[in-house]
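> Sequence first, then the predicted structure, then my questions.
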Amino acid sequence: MTAWGPRPGPDGTTRFVLWAPDANVVMLEVEGTAPVAMTATGDGWMAAEAHAPPGTRYRFRIGDTEVPDPASRRQSGGVHGWSVVTDTAFDWRNGDWRGRPWHETVLIELHPGTMDGFAGIATQLASLAQLGITAIELMPVGAFGGTRGWGYDGVLPYAVQEDYGSPDDLRALVDTAHGHGISVFLDVVYNHFGPDGNYLNLYAARFFDAAVDTPWGGAVAVAEEAVARFFIDNALMWLREYGIDGLRFDAVHAIRNPAFLDRMAREIRHALPERHVHLVLEENDATRLARGGYDAQWNDDFHNVLHVLLTGERDSYYADFADRPAERLARCLSQGFIYQGEPSPNHDGAPRGTPSAHLPPTAFVAFLQNHDQVGNRALGERLIALTDPARLRAATTLLLLSPQIPMLFMGEEQGSETPFLFFTDFHDELADAVREGRRREFAKFAAFADPDARAAIPDPNAVATFDASRTVPGPAADDWRTFYRHLLALRHTLIVPHLAGATALNAVATGDAAVTARWRLADGSTLGFAIDLGDAPAPLPTPPGVIVTDSTRFVAWIAR
């Protein structure tokens, strides 16, 4: 099977390929030389060789349209510009790094653009390591249209977004992280392409499944071998060429091909058996985890029920968790997912989720905030602006000391009060459609039923919206850092060494907003929690063991 992307040779000659089953003639344009007609090699593939050492700019011409290489490793001039032949050699300082076991993971999700790119993130690694973070998760870095965006509308998934830095800048970030004992995860989007800079339909309509659609555009046709290879090889590229330690696969339910997901995991595991490589899904289907291959799934249910308890909000998908929230939290702590096939009111009664009680707690990534849950709010408010500090500290303690794998969102560890908004860099009609579409989306919320209220929602395309989303430490940043550092020290000392093999014992609601939960750790001890997020918390139960940490709303203990 032909591999996507250019293959530089030692003599300065590069072999270029393109899967273009709908094109009769494809020209290779190497900057500064005459165009070369590519030769059909079978199954829709075209190929050509040219003198093009690393650093050479190139592109393809189909009819009158110049297009970038869909497997470009680097772009010059954005997603509509030239592709660049790239050397993968790098002088690794921490080349013997093999990663960390999954149960040690404490994630923090970061947006490279609001942190001044890969170099900006690198300056924060020492502080994150001191805090107790063991892994950073980068929002998607594949090239997308414009200079500002979340990355989920990428169109060139092999190329690093220019505004974040060069390929070597990303490698340097990974290398520096490894030097601090920090793993690097990358969020990848294999379910759709963005609207700006996607030329695939021009020459490879079979890349998309015309019979299936997603909320973001046409579904990718991974049953087509060339398409399957495009994404599997992309995953392997990040892991091999960049030393990435883990991948989080965005919204895989939109791929609509479970066999492909299982195949991708098998190929990755086979290719890298000597390293700790972690694969995480954004999905609400526990059956795939039981088959092996993937380490965990994001647990939106954890966030959703705690958001209801912390804020009282019941709009949109929070309606699914508004009834008996303490009972729902208890199920989340003991069984993973809250919805395990029950009808979802927010989805017109359609069933949501699959049984998950048989899975270990570490099969779930828990969080109080992430880019979706903050940025998809109309005004991008963080929890610190939506609830009181005592409740937030109690919920944070539960997050950081429970056996599920915890994930923070950048800024919460320093009490940041700045919003994280939805931002893009589209233009003309596309910009208008995105702005007005987002405002229409919030019309069903009571707070934005009035047209004037919707008009005040920040324009995603405005530079000011992006600038407002840069994380600034809050007024009590030092106190929050101390709080997080203390809890993570407890986690790493008392819980992580005994977390692999931990199992849930039980969890029960003890009030309208109160829950007690217990787990059996691998050393035979019992980890217990009691939490009360009610308006007037009742006295917490007396712990049957040694208190790990406590407050008027929370107590954690270990019994041996």
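Okay, I see it.

> can we go C-alpha only for contacts and neighbour counts from here?
Noted.

> C-terminal to the longest helix anywhere in the chain, which secondary structure element comes first?
Longest helix in the chain by number of residues, with DSSP state H as the criterion: helix 225-241. For helix 225-241, the following helix or strand on the C-terminal side (DSSP states H and E) is strand 246-249.

> what helices or strands is the host helix or strand of A433 leaning on?
Element membership for A433, per DSSP H and E: helix 428-441. Secondary-structure packing of helix 428-441 (3 or more Cα pairs under 8 Å, 6 or more residues apart in numbering; DSSP states H and E): helix 451-455.

> So for the helix holding A433, mean pLDDT?
The average pLDDT within helix 428-441 is 89.

> ok, and for that helix, which residues are buried?
A431, V434, R435, R438, R439 (16 or more other Cα atoms under 10 Å).

> distance between it and the chain's centre?
With Cα atoms, centre = their mean, to the nearest Å as the basis, helix 428-441 stands 24 Å off its chain's centre.

> Quick one: residues in contact with that helix.
D425, R454, A455, I457, D459, P460, N461 (Cα atoms under 8 Å, 6 or more residues apart in numbering).

> So among these, which ones count as buried?
Buried members of these, scored by 16+ other Cα under 10 Å, are D425, R454, I457, D459, P460, N461.

> what two of these are the furthest from one another?
Maximum pairwise distance in these, criterion Cα to Cα, is 20.3 Å, between D425 and R454.

> Just the helices from the stretch 451-560 of the chain, written as ranges.
Ranges of helices in the stretch 451-560 of the chain, per DSSP state H, counting those that start in this stretch, are 451-455, 463-468, 477-490.

> State the mean pLDDT of the longest one.
Model confidence over helix 477-490, given as mean pLDDT, is 98.

> just checking, what packs against it?
Counting contacts by 3+ Cα pairs under 8 Å, 6+ apart, helix 477-490 is packed against helix 125-131, helix 389-401.

> So which bits of that helix are buried?
By 16+ other Cα under 10 Å, the buried positions in helix 477-490 come out as A477, W480, R481, F483, Y484, R485, L487, L488, A489, L490.

> Give me the spatial nearest neighbour of the first one, chain neighbours excluded.
Put plainly, it is A477. Of all residues not flanking A477 in the chain, Q414 sits nearest, at 4.4 Å (Cα to Cα, 6 or more residues apart in numbering).

> just to revisit the earlier point, columns mean pLDDT, mean neighbour count and distance to V227 on top of the helices and strands packed on helix 477-490, output as a markdown table?
What follows is the helices and strands packed on helix 477-490, written out as a markdown table (pLDDT from 0 to 100; neighbours: other Cα atoms under 10 Å; distance: least, Cα to Cα, whole Å):
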| stretch | mean pLDDT | mean neighbour count | distance to V227 |
| --- | --- | --- | --- |
| helix 125-131 | 98 | 17 | 36 |
| helix 389-401 | 98 | 20 | 38 |
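
> what about those helices, which gets the closest to T65?
Among the helices and strands packed on helix 477-490, helix 125-131 sits nearest to T65 (Cα to Cα), with 43.2 Å.

> What pairs with the following helix or strand past that closest one, parallel or antiparallel?
The helix or strand immediately downstream of helix 125-131 is strand 135-138, counting by DSSP H and E. Sheet pairing here is set by DSSP bridges, and for strand 135-138 it gives strand 107-110 (parallel), strand 183-188 (parallel).

> what angle do the last one and helix 225-241 make?
Computed with axes from the mean of the first three to the mean of the last three Cα atoms, to 10 degrees, the direction of strand 183-188 lies at 160 degrees from that of helix 225-241.

> got a list of contacts for strand 183-188?
So strand 183-188 is contacted by 99-100, 134-141, 174, 177-178, 244-250 (Cα under 8 Å, 6+ apart).

> repeat for the first one
Taking Cα under 8 Å, 6+ apart as the criterion, the residues outside strand 107-110 that touch it are 133-139, 370-371, 405-410.

> which one of the strands paired with strand 135-138 has the most crowded surroundings?
strand 183-188 (a mean of 25; mean count of other Cα atoms under 10 Å).

> Buried residues, the helix or strand just after that strand. List them.
Beyond strand 183-188 on the C-terminal side, the first helix or strand identified by DSSP H and E is helix 200-203. Neighbour counts over helix 200-203 (16+ other Cα under 10 Å) mark L200, Y203 as buried.

> Quick one: end-to-end distance for stretch 57-73.
Counting by Cα to Cα, to the nearest Å, you get 11 Å between the two ends of stretch 57-73.

> mean confidence score for that stretch?
Mean predicted confidence for stretch 57-73 is 98.

> next one: stretch 190-206
The average of the pLDDT scores along stretch 190-206 is 95.

> Sort out which residues of that stretch are buried, please.
Per 16+ other Cα under 10 Å, stretch 190-206 contains these buried residues: 190-200, 203-204, 206.

> circling back to that earlier point, using CSV, lay out the contacts of helix 428-441 together with distance to D320 and pLDDT.
Formatted as CSV, these follow (distance: Cα to Cα, whole Å; pLDDT from 0 to 100):
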residue, distance to D320, pLDDT
D425, 34, 96
R454, 24, 90
A455, 28, 89
I457, 25, 93
D459, 29, 94
P460, 28, 95
N461, 32, 95
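
> C-alpha coordinates for the strand or helix carrying V174, CSV please?
Element membership for V174 (DSSP H and E) is helix 167-179. What follows is helix 167-179, C-alpha atoms only, in CSV (Å, rounded to 0.1, in the frame of the first residue of the first chain):
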residue,chain,number,x,y,z
PRO,A,167,7.9,20.7,13.4
ASP,A,168,11.2,21.0,15.3
ASP,A,169,9.7,23.4,17.8
LEU,A,170,7.1,20.7,18.6
ARG,A,171,9.8,18.1,18.9
ALA,A,172,11.7,20.4,21.2
LEU,A,173,8.6,20.9,23.4
VAL,A,174,8.2,17.1,23.6
ASP,A,175,11.9,16.6,24.4
THR,A,176,11.8,19.3,27.1
ALA,A,177,8.6,17.8,28.6
HIS,A,178,10.2,14.4,28.8
GLY,A,179,13.2,15.9,30.6
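
> Now tell me what touches it from outside.
73-74, 90, 92-95, 97, 118-119, 121-122, 125, 160, 183-184, 242-244.

> Filter the residues you listed down to just the buried residues.
Among those, the ones that count as buried by 16+ other Cα under 10 Å are 73-74, 97, 118-119, 121-122, 125, 160, 183-184, 242-244.

> mind putting those residues in CSV, distance to G353 included?
Formatted as CSV, the buried ones among the contacts of helix 167-179 follow (distance: Cα to Cα, whole Å):
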residue, distance to G353
R73, 37
R74, 39
W97, 37
F118, 36
A119, 39
I121, 35
A122, 38
L125, 36
V160, 34
S183, 30
V184, 29
Y242, 34
G243, 33
I244, 30
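
> Can you pull the poorly scored residue ranges out of this structure?
Within the chain, the stretches with pLDDT under 70 are 1.

> Show me what the residue most central in space within it is bridged to.
Nearest to the mean C-alpha position of the chain, by Cα atoms, centre = their mean, lies D187 at 3.9 Å. Applying DSSP bridges to D187 gives these bridge partners: R248.

> can you list contacts of the helix or strand harbouring I268?
Under the criterion of DSSP H and E, I268 resides in helix 258-271. Contacts of helix 258-271 with the rest of the structure, by Cα under 8 Å, 6+ apart, involve V222, A223, A228, I232, A235, L236, V277, L279, R288, G293, Y294.

> Mind doing that once more with 6 Å?
Residues outside helix 258-271 that contact it (Cα atoms under 6 Å, 6 or more residues apart in numbering): I232, G293.
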